[in-house]
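Student: Got a sequence here, can you build the structure:
(one chain, ligands or ions: 1)
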Amino acid sequence: MALRKMVYIEDELLRKKSRPVDKFDEKLHKLLDDMAETMYHTNGVGLAAPQVAVLRRVVVMDCGDGLIEMINPEIISTEGEQDGPEGCLSVPGRRGMVKRPMIVRARFQDRHGEWYEIEAEELLARCIMHETDHLNGELYVDKMYREIFAEDEEEEAEEE
Ligand code: ZN
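Tutor: Alright, predicted model coming up:
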């Protein structure tokens, strides 16, 4: 495994749409392993492939219940609303308030191409929305309605 170089907000790569994965091979497994290592190393809870300069529909997440790998994730449906702080490893030093759905149903493939469905709530639902946005060239700063500054000490952000 190896750490991958992070791509930051100024980079046009983050604004491009990622392509689906069609080969579930060693190269994909290496990418997934490297992304997980990079995410844990930077204390993130999620990382999308474009953030390490790979324009493929691949994300890794760990919202406290272990590592989840999602290949070609698709949002099936969403329900409700939650309002909370968000951050991004590609937007260091900034946080903002973003409204997201409370419940997200999604389908995705694992590293071997097997399809799964998940129903996620709260932080994991937020994380899935944030990471799938990356695959479509969108950043949370496009959606935040208020920036959080250091003096707002009562609010804790997760880096995704
Ligand atoms: Zn992000």
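Student: Pick out the residue nearest the middle of the chain.
Tutor: In the chain, the residue lying closest to the centroid (Cα atoms, centre = their mean) is E131, at 2.5 Å.
Student: Quick one: the helices in this protein, in order.
Tutor: Secondary structure of the chain, counting by DSSP state H: helices at 26-41, 122-135.
Student: May I see the buried residues of the helix-or-strand element of the chain with minimal mean pLDDT?
Tutor: For the chain, using mean pLDDT, DSSP states H and E, the weakest element among its helices and strands is strand 146-148, scoring a mean of 94. Under the neighbour-count criterion of 16 or more other Cβ atoms under 10 Å, strand 146-148 has I148 buried. To be clear about C-beta, it is placed using only N, CA and C from the backbone, and glycine gets the same treatment.
Student: Please apply the same query to stretch 77-85.
Tutor: For stretch 77-85, by 16+ other Cβ under 10 Å, it's 78, 82, 85.
Student: Between the two ends of it, how far is it?
Tutor: This stretch, stretch 77-85, spans 22 Å end to end (Cα to Cα, to the nearest Å).
Student: Can you tell me what sits against it?
Tutor: Contacts with stretch 77-85, where a contact means Cβ atoms under 8 Å, 6 or more residues apart in numbering, come from 95-105, 122, 125-126, 129, 148, 155-158.
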